[in-house]
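Trainee: Prediction below, plus the sequence it came from.
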Amino acid sequence: MAKRKRIAYDDLKALALSLDLPGVTEAVSWGQPCLKAHGKLWFFWSPTEDAPVFKVPFEERDMLVEAEPETFFFTDHYKNHKLVLVRPDRLDMDWAKANLLRVWREQAPKRLLKAYDAGG
């Protein structure tokens with residue numbers, strides 16, 4: 001995989017907010033800016049690793065890290081959490097968008113998701 005432009009928190013925040021999904025808010029968690037969806041942590045940046053952190057199931061995380069260790073990783077701090085870090089110069093924005101949409105849908109209340117899918 002070729003190197004890409006180094007992605008910053010503001011780039012991913014702009015992508016996430018451009019999706020115009022209901023229930024998304026800017027917030028602060030552990031002193032760091034983040035985005036929440038439906039009151040739950042949705043996307044954030046690890047200041048210690050200087051990398052974006054995405055929610056993924058453990059099985060997906062293990063597969064991503066094994067298949068592309070130069071792109072995806074986790075540290076001991078994240079090993080017991082369904083999270084994966086992505087090297088900012090290797091992040092595929094299409095993957096990020098798909099992940100954000102999937103996690104937003106997983107966290108959405110059923111009534112909101114039903115209304116959203118119905119176009120209202």
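Mentor: Sure thing, it's come through.

Trainee: contacting residues around the least confident helix or strand in the chain by mean pLDDT?
Mentor: Least confident element among the helices and strands of the chain, by mean pLDDT, DSSP states H and E: helix 110-117 (a mean of 92). With Cβ atoms under 8 Å, 6 or more residues apart in numbering as the test, helix 110-117 has contacts from 21-23, 38, 105, 108. Any C-beta I mention is one placed from the backbone N, CA and C, and that applies to glycine too.

Trainee: Just the buried residues from the residues you listed, in ChimeraX please.
Mentor: In ChimeraX, this line selects whichever of the contacts of helix 110-117 come out buried by 16 or more other Cβ atoms under 10 Å:
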select :21,23,38,108
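
Trainee: In strands, which of the contacts of helix 110-117 fall?
Mentor: Among the contacts of helix 110-117, no member is found in strands (DSSP state E).

Trainee: out of the contacts of helix 110-117, which one sits closest to residue 81?
Mentor: Of all these, the one sitting nearest residue 81 is residue 38; the distance, using Cβ to Cβ, is 18.7 Å.
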